[in-house]
Structure formats: C-alpha cells, structure tokens
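**Student:** okay, here's the prediction I keep looking at, along with the sequence it came from:
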Amino acid sequence: MTSSALPTLLATDPSIADLAKTTSTVSNNTVVSDMLISRSLSAAEYNSTHEAMLARTLQRIAVKKEQGIRTPDELWIVDHNDVYTLGQASKKEHILQHTTTPIIQTDRGGQVTWHGHGQLVIYWLFDLHSLGWSVRHLVSHAEQAIEDVLNDCLKTTQSNADVNTNAISAHARRDAPGVYLYSNAGTDTDTDTDTDTDTDEDNTIMLGKIASLGFKIKHGFSYHGIALNINCDLAAFNAINPCGYAGMQMLRIADFISITDSIDEAVANGANRNSNESDKSLSYEQVTQKLIDNIAQRHAGLIELRAIGTK
C-alpha cells in the first residue's frame, strides 16, 4: 500500500472515529513510511482506547485473512488519564492500597502497572508475520529502542544537579521485562542500597525501573506496548508492586536530565548555552520523537537487534 492510499483508509477507520468521541484530543495521523503510521491521543481514557485498539487489530486481521492485504502498522502515542491496569495473569495482592484511581483488568501480558500524565505510552500495532518478527523479536526491539534513546539522552543532555549521568546507563534484564537504569559502582554517584537495589557481576548497581512493557498477540498481530516515565508523578506507583515486584524502585527521566515544558524552551536553553551538545535540555515531545524515530528505523529493518545482555 502506498502512502497516497493511507488518508482514505484512515478517514474511514471506525475505531478512531469512535475513540475521538471519548478522548480529549486525537491528533491527525502521521505517515511515517508506506507501511507505518502514528496516531497521537491525549487525555485518553483507558477503556475506550483499549476498545479502539482491539477493534483496529481485529479489523486488520480480517482484511489480511479475507483479502490478503497487508495494512500499514501503527504506533499509537498515548497520554493516558490516571489508571491502574492489571495484566492477564495479574494478582490482586500486588495492589497495596486502593485509591480514587480506576483499576482496570485488561488483556495484555504482565502484572499491575500505572499509566498517567507525564508518562509516554506507545502501543505497537504490528503485523509480526509480515515483518518476520517473533514475539521475542518484538520484545527485544521494544527494550532496545528504549535503551538507545535513554542512553543517548543521558550522554548528550544536561544532567540535573548532583547526578553524574555519564556513570548511568539503561539496560534490559533477561529475568524481568522492561528497561532499568544502572550506575557504575566505581563512581561517586549517589545510590540507595536498600532492598530494591540490585548489584550485578559487572560492578554495576541497579537504581530502578524506568520503562515497562506488555504486549498481546492475536493471530500474529501485536497490540499494547511500552510505557516510559518521563516527568510523571511517581507517587502513583506507591500503591502497587510495580509489574509484580515488591519494593521495585520506579524512576523517571526528569530526575536525571533536564526536561523542559516545551520544545521551544528546550531549543532556547540550548541556544543560551552556545549549542554545547552536553548542555542541551529536552522536552517531553522531543523524547517522544526520538523514540518514534528509533522504532521506525527498526520497523524498516535499518536497526538490527543486538545480542541480549546478561543483566
């Protein structure tokens, strides 16, 4: 399918039309490539977003099965209203405190997590068979895309006071899906050594978890996706065992690098510092675009998977 045919397809998509009625903002669809588009949703209610995502996936499955047509894959860039979601195998005991925030059972993998403003959620609506990806490929691409963007931000962006970001790096773990931040144990970085801090063989200390992921696969099509904490209020995680891990320290980018309120402010900060690359600030939108760009390159086969690390 060519990009010229996409506007007609998107304009007649009933799932998005219905979603627009219950979501504050559904921005215009963006054609990333001939076979990948992105959609942005803000102040999105979880149930209506999930229903639309599932409807879209079922629609794509039917089109492929009945007509043999491969439809473009989609990235849904979502800013959710506050919600706790429970994965298919989730245990209620991981909810430590009931608050006014809704708790919703859903069909993704994984345990309980929180979504809300200041957290970047990206849903991957991908035709895995057409991409030649296994489920393991999907998970690894998701984790490594987050690693790439976080490590780039940590090394090229102004750090917050008292944080040596050159000694911090992002890595996935073989035993627990998601992305975690680690500090070189040989530096003066301020770390907490309580029960939620893990030391690895290679002299690094795990500071905590900064991104979660959970997918659902139906007839070779994926939906759900990843959640990256940018400048959200982490207090919401205190009411749960995040992803089923008691005492897991949750982190956000804003505690390590300078996150501004807008792209204009980030650009101005960079200009005021004589364009010194190590002193630049980033906005939420810029982090989002960096991640979209990395995922798009992986989708196009331009970034290959690295060997899975030992952490």
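**Tutor:** Looks like it came in fine. Source: prediction; values computed, not measured. Residues are numbered from 1 along each chain as shown.
**Student:** make it CA atoms for all contacts and neighbour counts henceforth
**Tutor:** Will do.
**Student:** what about the helices in this structure?
**Tutor:** Secondary structure of the chain (DSSP state H): helices at 6-11, 14-22, 46-67, 128-131, 135-156, 263-272, 284-299.
**Student:** report the contact partners of residue 136.
**Tutor:** Shown in contact with residue 136 (Cα atoms under 8 Å, 6 or more residues apart in numbering): no residues.
**Student:** residue 177 versus that one, what's the distance?
**Tutor:** 11 Å (Cα to Cα, to the nearest Å).
**Student:** now swap in residue 44 and tell me
**Tutor:** Between residue 44 and residue 177 the distance, using Cα to Cα, works out to 25 Å.
**Student:** same drill for the two, tell me which one is more crowded.
**Tutor:** The residue with more neighbours, out of residue 44 and residue 177, is residue 44; 24 against 17, by other Cα atoms under 10 Å.
**Student:** pretty sure the more buried one sits against residue 80.
**Tutor:** Yes. Residue 44 lies in contact with residue 80 (Cα atoms under 8 Å); the separation is 4.6 Å.
**Student:** quick one, phi psi at the residue nearest to residue 216 when sequence neighbours are not counted?
**Tutor:** Excluding its sequence neighbours, the residue lying closest to residue 216 (Cα to Cα, 6 or more residues apart in numbering) is residue 108, at 4.8 Å. Phi and psi for residue 108, reported as degrees, to the nearest 10, are phi -80, psi 170.
**Student:** please shift the residue numbers so they start at 611 in all later answers.
**Tutor:** All right, first residue 611 from here; so that's residue 718.
**Student:** what about residue 718, neighbour count?
**Tutor:** For residue 718, using other Cα under 10 Å, the count is 21.
**Student:** so residue 683 makes contact with residue 649?
**Tutor:** No. Using Cα under 8 Å, residue 683 makes no contact with residue 649, being 11.0 Å away.
**Student:** among the helices of the chain, which is nearest residue 774?
**Tutor:** Closest of the helices of the chain to residue 774 is helix 745-766, at 9.2 Å (criterion: Cα to Cα).
**Student:** what mean pLDDT would you report for the closest one?
**Tutor:** The pLDDT scores in helix 745-766 average 97.
**Student:** then that helix to CSV, C-alphas only?
**Tutor:** Taking C-alpha atoms only, helix 745-766 is exported to CSV below (Å, rounded to 0.1, in the frame of the first residue of the first chain):
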residue,chain,number,x,y,z
VAL,A,745,7.4,-12.4,19.9
ARG,A,746,10.9,-12.4,21.3
HIS,A,747,12.0,-10.0,18.4
LEU,A,748,9.1,-7.7,19.3
VAL,A,749,10.1,-7.5,23.0
SER,A,750,13.8,-7.1,22.3
HIS,A,751,13.2,-4.4,19.7
ALA,A,752,11.0,-2.5,22.2
GLU,A,753,13.5,-2.8,25.0
GLN,A,754,16.5,-1.9,22.8
ALA,A,755,14.7,1.1,21.3
ILE,A,756,14.2,2.5,24.8
GLU,A,757,17.8,1.7,25.7
ASP,A,758,19.0,3.6,22.7
VAL,A,759,17.0,6.7,23.4
LEU,A,760,17.7,6.8,27.1
ASN,A,761,21.4,6.2,26.7
ASP,A,762,21.6,8.9,24.1
CYS,A,763,19.7,11.3,26.3
LEU,A,764,21.8,10.5,29.3
LYS,A,765,25.1,11.2,27.4
THR,A,766,24.1,14.2,25.4
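**Student:** where's that helix relative to the chain centroid, distance-wise?
**Tutor:** Between the centre of helix 745-766 and the centre of its host chain there is 10 Å, according to Cα atoms, centre = their mean, to the nearest Å.
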